[in-house]
Structure formats: structure tokens, C-alpha cells
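# dropping the sequence and predicted coords here.
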Amino acid sequence: MKNQLDENEIKSCLLEIGCKQVEDVIENLKNDNLKNAIHLLKIKRCHLLEKLHHEQKKIDCLDYLIYSLKDNNQK
């Protein structure tokens, strides 16, 4: 694994983000298959981004309700 991060740091980070393919990523890095390791990480990133957008929609809805309730109360 030719990387500035050691295996434990990588595992820790992957576990923290809820990655279920920790061992797959590590194996790819050990086998110098950086392209596939990055591909797996990008897939996880996409999933996290989708979740973020979904949660942002919920926040936007709450903000709208709060704004509307405040606005109606001032009339």
C-alpha cells in the first residue's frame, strides 16, 4: 500500500462514514489498484451526497413552515 495514510487511519475513516466495503478498499490499496479503491470511495460519496440532499429537502420544508407560521402570526 503506497499511501501516506496508514491502514488503520484508512479503516478508521471508512468505519466513521459507515462504509461497508472497508476490506475491499484496503485490499485494492494493498494490491496497488488505486483506481478501483477510488471508484468504491466515489460510490460511497455519491450515496452520502444523496442522503444529504434528501435531508436538505426536509430542512427546507421545516424552514418554510417556520417562516409561514411566523408570517401568519404577524398578520
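Received the coordinates, thanks.
# what helices or strands is the helix or strand harbouring Q56 leaning on?
Using DSSP states H and E, Q56 sits within helix 34-74. Applying 3 or more C-beta pairs under 8 Å, 6 or more residues apart in numbering; DSSP states H and E, one finds that helix 34-74 contacts helix 22-30. Any C-beta I mention is one placed from the backbone N, CA and C, and that applies to glycine too.
# residues of the helix it packs on that come out buried?
The neighbour-count check on helix 22-30 (16 or more other C-beta atoms under 10 Å) flags 22, 25-26, 28-29 as buried.
# which residue packs closest to the residue positioned nearest the centre of the chain, ignoring adjacent ones?
In the chain, the C-alpha closest to the average C-alpha coordinate belongs to L48, at a distance of 3.3 Å (C-alpha atoms, centre = their mean). Closest residue in space to L48, ignoring its immediate chain neighbours: I17 at 6.9 Å, by C-beta to C-beta, 6 or more residues apart in numbering.
# ok, that neighbour to Y64 distance?
Applying C-beta to C-beta, to the nearest Å, the value for I17 to Y64 is 30 Å.
# same check on L29?
For L29, the distance to Y64 - C-beta to C-beta - is 45 Å.
# same deal with D24?
Distance, D24 to Y64, by C-beta to C-beta: 41 Å.
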